[in-house]
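> coords please:
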Amino acid sequence: MISARHIPRVIWIHTILIIAIGLLALYSASYNNDVVGVSVFYDQLYCALVGVLLMFLLSRVNYRKFFDVAYIVYGISVFFLILVLVMGRHALGATRWFSVGDFSFQPSEFSKLAIIFLLGRYFSERRPRLSFDSSFRAIGGRWY
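Now for the predicted structure:
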């Protein structure tokens, strides 16, 4: 069983390779391009580094703690979704952003993560009893 506090090396390698390939493609597309400048590459590089840092920090957190706060996180996301209707910034024909200084926040992105937490907890608490036909055999007390 994989420990809650360690991400296997193969996941790190694949994550970094995918990021590197994407950054390489973006750099080659933006190099000497008047429409898309190289600054887009550096913005993505910065975001990728922040993402890898967050991945490292979250890998140190016991994932079972997310189970405990799933309903709270969902409630906060619903609150932000309602709040964006009242205080949100209107852009591109829709009101879906909060702006705080130079930082913009879209509550629906947070809600996607909250839904994952909520459904994970909901379905783990309400597992249906599975019925297996005679073709399945119990091996070591577990059904396969």
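
> in the protein, which strand has the most residues?
Counting residues, the longest strand found in the chain (DSSP state E) is strand 94-100.

> elements contacting the very next helix or strand once past that one?
The first helix or strand that comes after strand 94-100 along the chain, using DSSP states H and E, is strand 103-105. If contacts are counted by 3 or more Cβ pairs under 8 Å, 6 or more residues apart in numbering; DSSP states H and E, strand 103-105 sits against strand 94-100. Backbone N, C-alpha and C define where each C-beta goes, glycine included.

> Render the CA-only coordinates of the strand it packs on in PDB, please.
Extracted in PDB, the C-alpha atoms of strand 94-100 (Å, rounded to 0.1, in the frame of the first residue of the first chain):
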ATOM      1  CA  ALA A  94     -20.700  36.600 -17.400                       C
ATOM      2  CA  THR A  95     -20.200  37.400 -13.700                       C
ATOM      3  CA  ARG A  96     -17.800  34.800 -12.500                       C
ATOM      4  CA  TRP A  97     -14.700  36.500 -11.000                       C
ATOM      5  CA  PHE A  98     -13.600  38.100  -7.800                       C
ATOM      6  CA  SER A  99     -10.900  40.700  -8.100                       C
ATOM      7  CA  VAL A 100      -8.700  41.600  -5.200                       C
END
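
> In that strand, which residues are buried?
Neighbour-count burial for strand 94-100 flags 96, 97 (criterion: 16 or more other Cβ atoms under 10 Å).

> Check stretch 11-27 too.
In stretch 11-27, counting by 16+ other Cβ under 10 Å, buried: 19, 26.

> related to what we said a few turns ago, average model confidence for the longest strand of the chain?
For strand 94-100, the mean per-residue pLDDT is 75.

> Return the list of strands paired to it, each annotated with direction.
Its sheet considered, strand 94-100 pairs with strand 89-91 (antiparallel), strand 103-105 (antiparallel) by DSSP bridges.
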